[in-house]
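# My questions are about this predicted structure, shown below with the sequence.
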Protein chains: 2
Amino acid sequence: MPYRKALRDAGLKVTLGRLAVLDALGSAPHSSAENVFQAVAGQLDTSIQSVHNILNDLSAAHLVRRIEPAHSPARYELRVADNHHHLVCRTCGRIEDVDCVVGSAPCLTPSDDHGFDVSEAEVTFWGACPACMANPTTSDQEKK
Amino acid sequence: MPYRKALRDAGLKVTLGRLAVLDALGSAPHSSAENVFQAVAGQLDTSIQSVHNILNDLSAAHLVRRIEPAHSPARYELRVADNHHHLVCRTCGRIEDVDCVVGSAPCLTPSDDHGFDVSEAEVTFWGACPACMANPTTSDQEKK
DNA sequence: AGGTTGTTTTGAGTGATTCAAAATAACCTG
DNA sequence: CAGGTTATTTTGAATCACTCAAAACAACCT
């Protein structure tokens, strides 16, 4: 289990719940708290509140990254500190990683920073995923 | 009143509530539903639900744009269809418009579109506003 | 093994928003 | 400009996602 060390290094205790949550996010990136709960509920009995709790702790420790696309509950992923972006399907909510924007450097600089100290540029691409394009009527809206 | 025509053109009936909401957003861009409610509550008696209702209708008609920054209720603004971006203060939640990203064209193209039909690139810059930088301890967190 | 401290559990509570039915107001038509 | 149709607002309840707090429990250090 490679996650034990990560938890240790972050100063967090190694618990079954945390390992299970990390594992779930490893196999299903961009999961919501509810998704994670469904995934871990099989192997240990816990509650959605505990999953939120764990996700918060892991986020605070920067072991997971929390993203909050519009019209969706928060999603979580293991890829942290690599400033990648996301591509979100407007129909089914599917999310894909986008490693880096082409010509990324300019994107980090707003045209007018209004005196702000800007530390991050978050880019979200919105569109239609292949499945929803192919099947415009009966696509999987229920995922959303 | 310049909003009457906009409503008409969008096929919406002209009501006091809608005019008041548009007016409120005109003088206070990036307001939340609650902010708008506070603003219009003086001139007509309505409810927060009605304000949500109106904001939803106006958003659907593309007369207002809804933005949903993380850790914040939805915000609304009158600037639509000009693909501008936002600069958000992590401390107090203040939002400023960013007309366009320097070298914007590349930003609209993900490095890998995963087969998606990408229609929009949304950019959010996160940072600290001048006020919160100047006053790190007692800055206006209550706005958030 | 035992004690301390961090973590999870449980239950309740909150904020933002949606839903649905009834009441009402806009607007079109004659 | 009265009347009817349809859109809109009201009201009240409900939902979703999430937080909070106290008590029970488990990890980890020695």
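Received it, and whenever you're ready, just let me know what you need.
# and the residue of chain A nearest DNA strand C?
Closest to DNA strand C within chain A is A:Ser50: 3.0 Å, counting by CB to the nearest atom of the strand. Yep, even glycine has a C-beta here, placed from its N, CA and C like the rest.
# what pLDDT does that residue get?
pLDDT for A:Ser50: 98.
# Name the residue most distant from the centre of chain A?
Of all residues in chain A, A:Gly115 has its C-alpha farthest from the mean position, at 30.0 Å, by CA atoms, centre = their mean.
# Check the spacing between that one and B:Ser72 real quick.
Per CB to CB, to the nearest Å, A:Gly115 is found 20 Å from B:Ser72.
# Close to DNA strand C: what parts of chain A are there?
Along chain A, the residues adjacent to DNA strand C under the rule CB under 7 Å from any atom of the strand are A:12-13, A:15, A:17-18, A:44-47, A:49-50, A:53-54, A:57.
# Which of these has the largest number of neighbours?
Highest neighbour count within these, by other CB atoms under 10 Å in any protein chain shown: A:Ile54, with 23 neighbours.
# thinking again about what came up before, would you say the residue of chain A closest to DNA strand C is within a strand?
No. A:Ser50: not assigned to a strand; according to DSSP: H, G, I helix; E, B strand; the rest coil it is helix.
# Just give me the neighbour total for A:Ala33.
With other CB under 10 Å as criterion, A:Ala33 counts 21.
# Tell me if I'm right that the residue of chain A closest to DNA strand C and A:Thr15 touch.
No. Counting by CB atoms under 8 Å, A:Ser50 does not reach A:Thr15; the two are 10.1 Å apart.
# Any figure for the gap between the nearest residue to A:Leu16 once chain neighbours are set aside and A:Asn135?
Nearest residue to A:Leu16 in three dimensions, chain neighbours excluded: A:Leu44, at 5.5 Å (CB to CB, 6 or more residues apart in numbering or on different chains). When distance is defined by CB to CB, A:Leu44 is 36 Å away from A:Asn135.
# which of the residues of chain A next to DNA strand C sit farthest apart?
Based on CB to CB, the longest span within the residues of chain A next to DNA strand C runs between A:Leu12 and A:Asp45 and measures 21.3 Å.
# Next SSE downstream of the least confident helix or strand in chain A by mean pLDDT?
Across the helices and strands of chain A, mean confidence by mean pLDDT, DSSP states H and E is lowest for helix A:104-107: a mean of 51. Next in sequence after helix A:104-107, counting helices and strands by DSSP states H and E, comes strand A:117-128.
# now what about that next one, what contacts it?
Strand A:117-128 is contacted from outside by A:69, A:83, A:85-91, A:98, A:101, A:107-110, B:87, B:90, B:107, B:110, B:113, B:116-128, B:133, using CB atoms under 8 Å, 6 or more residues apart in numbering or on different chains.
# who's the residue nearest to A:His30 when sequence neighbours are not counted bridged to?
Nearest residue to A:His30 in three dimensions, chain neighbours excluded: A:Ile95, at 4.1 Å (CB to CB, 6+ apart). Counting by DSSP bridges, A:Ile95 is bridged to A:Val88.
# Would you check how far apart A:Ile95 and B:His114 are?
10 Å.
# Looking at the two, which is more packed in?
Per other CB under 10 Å, whichever of A:Ile95 and B:His114 has more neighbours is A:Ile95, with 21 against 17.
# All set now, cheers.
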